[in-house]
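Chemist: got a structure for you, letters missing:
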C-alpha cells in the first residue's frame, strides 16, 4: 500500500523500499478494536481511558493525517493504513468462513 501511494503523483526520488511488520500490527490493532469495541484501554501518555473502538479510530485518523500531510517523514503511514485495511478484509472473510470450518464439515 505504501509503494502504491508513493507512486501516485510522486517524483522518482520519493520511492524507497519499505520493510517492517508494523502493517501487520495495525491489522491486529483493528481486529482487536472490532472484536472487543467496548474494552477499556489506559494510555500512558496522556493518561486517559478510552474504549478500544475510539482508540483504533483516533490512531487510524492520526496515521491518515500524518501520511497526507507528510508529517514524521520516514514513517510508512500508508503501510499502517494498508495493514488496517487488509486486516479488516481478512476479519470479514473469517467471520463468513471460519478457519477450520471445512475440516469439521468433512467429518
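Modeler: Now that the structure is in, tell me what you want to look at. Computed from a prediction, not measured in an experiment: that's the story for all the values here. Numbering: from 1, shown residues only.
Chemist: count of neighbours near residue 79?
Modeler: With neighbours defined by other Cβ atoms under 10 Å, the count for residue 79 comes to 24. Glycine gets a C-beta too; all of them are placed from N, C-alpha and C.
Chemist: Likewise for the one 10 residues further on?
Modeler: Neighbours of residue 89 under the rule other Cβ under 10 Å: 11.
Chemist: element containing it, please.
Modeler: Secondary-structure element containing residue 89, defined by DSSP states H and E: helix 77-96.
Chemist: which residues sit in contact with the residue nearest the centre of the chain?
Modeler: Per Cα atoms, centre = their mean, the C-alpha nearest to the average position across the chain is that of residue 84, at 2.4 Å. With contact set as Cβ atoms under 8 Å, 6 or more residues apart in numbering, residue 84 has these partners: 26-27, 29-30, 60.
Chemist: Now with 6 Å, please.
Modeler: Residues near residue 84 by Cβ atoms under 6 Å, 6 or more residues apart in numbering: 26, 30, 60.
Chemist: Dump the residues you listed to a markdown table, plus distance to residue 97.
Modeler: A markdown table is the format used below for the contacts of residue 84 (distance: Cβ to Cβ, whole Å):
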| residue | distance to residue 97 |
| --- | --- |
| 26 | 23 |
| 30 | 19 |
| 60 | 26 |
